[in-house]
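[1] sequence and predicted structure are below.
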Amino acid sequence: MTMIYNEDDASLNVLSGKTIGIIGYGNLGRPIAHNLRDTGVKVLIGVREDESRVLARNDGFDPQDISAIINKCHVLMLLLPDEVLPEVYIEDVSPSLQKGHLLVFASGYNIAFGFIEPPPFVDVGMIAPRTIGAAVRSRYRDGRGFYSFVGVGQDATGTAWDAILALTKAMGSLRAGAVEVTMEQEAQLDLFVQQAILPAFHHIMTTAANVLLEMGYPPEAAMMDLYISGEFTDYLSRASRQGLFQSLKLSSLTGQYGIFSRLDRFNDLKLERLMEVTLDEIRNGDFAKEWAREYEDGYPRLSNLIKAQERLELWELEQQTIDMLRGL
């Protein structure tokens, strides 16, 4: 049975006297560092010489070289991008690891696909927020909290779970709740949403926009009704609280009939097969190898893909609609 944790399942006393090292001060490292500090946890920031060091200093921290903080910390939260982290781990983290250290990842990616292999004498855990970094901070401040996946990949000390849950509570996540998964499951689920759900959504929206424009509907009206109005966002927000089916039932009767009577039109076996193929590529490690090559080569394919998207006329019409509506 899957475990779901809340604030009653963790004690901040576990972190008493411990120093938490935040490796990386970017989109996720910065809000987590602030949340932990506001909870009363001692935090050290480890960064390389770049603009993030200046930002951390301006935020009231004392940023240091990554290698310099390893032996000063009991817990090391590795919060750099997945493709960058293995090199930093090998060069700056692993040489100074000691028995009793807890390594905490915000993604299971590097453990799941073998890019990082921690030594057997350290604890390894994961706290993976299911939202963007800005929301990690804003939802801490407004008291709502944010959902996370949590897991322990290696428990050398026998205390890894207590520490992971205490950190998750200190970050503010247990106010909403945390679901236990393996690091492999987290990585696979995350990639599946990115590669199966979001491309399908992107394709559906762009196809719908093109159909409406070709049929003579005003671009501003088409774009606004498809997604710029926020109605779709409101629907997803309701679904996150009440479920997909209950949210659909809040539509008008006309809307409900239109939705449920046309569902079978989109029951395409090809779509199911595409999702299965996508998941297979993720689970067998093919995508991870492909992305590693792309990173090593300097992102050539990604750059070309982005340029191809930027050339679409649709985005100019989209921006015009947004600018016009903001001017109201």
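    Now that the structure is in, tell me what you want to look at.

[2] ranges for the strands of the chain?
    Ranges of strands within the chain are 4-5, 19-23, 42-46, 75-78, 102-105, 123-129, 147-154, 177-180, based on DSSP state E.

[3] got JSON lines for these, with mean pLDDT too?
    JSON lines is the format used below for the strands of the chain (pLDDT from 0 to 100):
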{"stretch": "strand 4-5", "mean pLDDT": "96"}
{"stretch": "strand 19-23", "mean pLDDT": "98"}
{"stretch": "strand 42-46", "mean pLDDT": "97"}
{"stretch": "strand 75-78", "mean pLDDT": "98"}
{"stretch": "strand 102-105", "mean pLDDT": "98"}
{"stretch": "strand 123-129", "mean pLDDT": "98"}
{"stretch": "strand 147-154", "mean pLDDT": "97"}
{"stretch": "strand 177-180", "mean pLDDT": "97"}
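
[4] which one of the ones you listed lies closest to Glu276?
    With Cβ to Cβ as the criterion, Glu276 lies closest to strand 147-154 of the strands of the chain, at 22.6 Å. Glycine gets a C-beta too; all of them are placed from N, C-alpha and C.

[5] tell me the strands beside that closest one, with direction?
    strand 123-129 (antiparallel), strand 177-180 (parallel) (DSSP bridges).

[6] for the strands of the chain, could you give me TSV that also reports distance to Thr321 and mean neighbour count?
    TSV is the format used below for these (distance: least, Cβ to Cβ, whole Å; neighbours: other Cβ atoms under 10 Å):
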stretch	distance to Thr321	mean neighbour count
strand 4-5	41	16
strand 19-23	40	24
strand 42-46	41	22
strand 75-78	41	24
strand 102-105	40	26
strand 123-129	31	24
strand 147-154	32	21
strand 177-180	37	20
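
[7] distance to His34 for those - can I get that in a markdown table?
    Output for the strands of the chain, formatted as a markdown table (distance: least, Cβ to Cβ, whole Å):
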| stretch | distance to His34 |
| --- | --- |
| strand 4-5 | 22 |
| strand 19-23 | 10 |
| strand 42-46 | 9 |
| strand 75-78 | 13 |
| strand 102-105 | 17 |
| strand 123-129 | 14 |
| strand 147-154 | 16 |
| strand 177-180 | 19 |
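
[8] hmm, back to that, in JSON lines: the strands paired with strand 147-154, plus distance to Asn110.
    Shown next, in JSON lines, are the strands paired with strand 147-154 (distance: least, Cβ to Cβ, whole Å):
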{"stretch": "strand 123-129", "distance to Asn110": "11"}
{"stretch": "strand 177-180", "distance to Asn110": "20"}
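
[9] so for His203, which of these sits nearest?
    For the strands paired with strand 147-154, proximity to His203 was assessed by Cβ to Cβ; strand 123-129 is nearest, at 26.7 Å.

[10] and that closest one, how far out from the chain middle?
    13 Å (Cα atoms, centre = their mean, to the nearest Å).

[11] and it, C-alpha only, in PDB?
    In PDB, the C-alpha atoms belonging to strand 123-129 read as follows (Å, rounded to 0.1, in the frame of the first residue of the first chain):
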ATOM      1  CA  ASP A 123      22.200   7.600   3.200                       C
ATOM      2  CA  VAL A 124      20.400   8.500  -0.100                       C
ATOM      3  CA  GLY A 125      16.900  10.000  -0.200                       C
ATOM      4  CA  MET A 126      14.600  12.100  -2.400                       C
ATOM      5  CA  ILE A 127      12.200  15.000  -1.900                       C
ATOM      6  CA  ALA A 128      10.800  15.800  -5.300                       C
ATOM      7  CA  PRO A 129       8.300  18.700  -5.300                       C
END
